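*Asks:* okay, predicted coordinates and the sequence, questions at the end:
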Amino acid sequence: MRVDFAALKTTRKRFMERLADDGVGSQVHYVPVHHHPLHRAPGSVGTHAFPIADRHYGECLSLPLHQGLTDEEVGRVIDAVERAVGEPC
């Protein structure tokens, strides 16, 4: 999912902590290639050369998503996200 953490007056870390407090794991799975150490070497592309990728990276968050989730588990994830969004973090 994409979240405007600044608009929620929180950070991704704190938002993830709120989800974890509700028993919902979350991760950031897709780090832009230009942020990986190999691409930070002298003469490589700068880490701010791709502003759209950087913006997406700053807002993305992976939630539990697989074919084995029950309706109850999906409901728990939705409820946890709603609580994290609806309450100041």
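*Replies:* Yep, that arrived. Numbering: from 1, shown residues only.

*Asks:* ok, so what distance separates the nearest residue to Thr11 once chain neighbours are set aside from Leu61?
*Replies:* Computed as C-beta to C-beta, 6 or more residues apart in numbering, the closest residue to Thr11 that is not its neighbour in sequence is Phe5, at 5.8 Å. In this view, the C-beta of every residue, glycine as well, is placed from N, C-alpha and C. Phe5 is 9 Å from Leu61, where distance means C-beta to C-beta, to the nearest Å.

*Asks:* please apply the same query to Val28.
*Replies:* 6 Å.

*Asks:* shared neighbours of these two, anything?
*Replies:* The contact sets of Val28 and Leu61 overlap at Arg12 (C-beta atoms under 8 Å, 6 or more residues apart in numbering).

*Asks:* and these two? which has more neighbours close in?
*Replies:* Leu61 (18 against 12; other C-beta atoms under 10 Å).

*Asks:* tell me the spacing between that one and Ala49.
*Replies:* Distance from Leu61 to Ala49, counting by C-beta to C-beta: 23 Å.

*Asks:* I'd like to know how many residues surround the residue nearest to Thr11.
*Replies:* Counted with other C-beta under 10 Å, Phe5 comes out at 17.

*Asks:* thank you kindly, that will do.
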